[in-house]
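Visitor: this one's structure only:
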């Protein structure tokens with residue numbers, strides 16, 4: 001399949017595929033930033049943290065330990081706003097891929113076309129999930 005005739009015949013599909021590529025590249029950048037910030041805050045290895053966060057199972061394990069069980073080793077400094085946005089971005093990509101597997105037919109092209117709108121919804125949900133621990137009961141932010 002040649003891309004140029006496909007792009008001319010299906011402009012919406014080619015724009016969606018380009019947006020999907022941008023989302024994936026943005027995810028690599030967000031994962032790198034998040035891994036660097038986590039490794040610095042926990043005095044760990046950046047490469048080890050990146051490998052943990054870049055796998056789906058590792059990311060789910062990390063989220064389970066840090067946000068659900070709150071059983072991760074303490075940080076030397078609290079997460080800033082950029083780190084929370086990078087965390088939410090990476091979680092949104094994973095959530096969009098999982099949601100796409102359930103709501104779209106088992107066609108890879110349809111799953112790629114559904115990724116941008118699912119990512120937009122997932123980003124809002126994951127951002128609220130990540131920032132919920134930063135807000136205490138009185139409405140103010142902690143640290």
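Guide: Done, it's in. Predicted, not measured: the structure shown is a model, and the values here were computed from it.
Visitor: Please name every helix or strand in contact with the longest helix along the chain.
Guide: Looking across the chain with DSSP state H, the single longest helix is helix 11-42. Packing partners of helix 11-42 (3 or more Cβ pairs under 8 Å, 6 or more residues apart in numbering; DSSP states H and E): helix 3-9, helix 46-54, helix 81-103, helix 108-131. Bear in mind the C-beta positions are built from the backbone N, C-alpha and C, glycine included.
Visitor: Tabulate the ones you listed in JSON lines, adding columns for mean neighbour count and mean pLDDT.
Guide: Below are these laid out as JSON lines (neighbours: other Cβ atoms under 10 Å; pLDDT from 0 to 100):
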{"stretch": "helix 3-9", "mean neighbour count": "10", "mean pLDDT": "58"}
{"stretch": "helix 46-54", "mean neighbour count": "16", "mean pLDDT": "86"}
{"stretch": "helix 81-103", "mean neighbour count": "19", "mean pLDDT": "90"}
{"stretch": "helix 108-131", "mean neighbour count": "17", "mean pLDDT": "89"}
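Visitor: Is it possible to get JSON lines of these that adds distance to residue 15?
Guide: Below are the helices and strands packed on helix 11-42 laid out as JSON lines (distance: least, Cβ to Cβ, whole Å):
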{"stretch": "helix 3-9", "distance to residue 15": "9"}
{"stretch": "helix 46-54", "distance to residue 15": "27"}
{"stretch": "helix 81-103", "distance to residue 15": "17"}
{"stretch": "helix 108-131", "distance to residue 15": "9"}
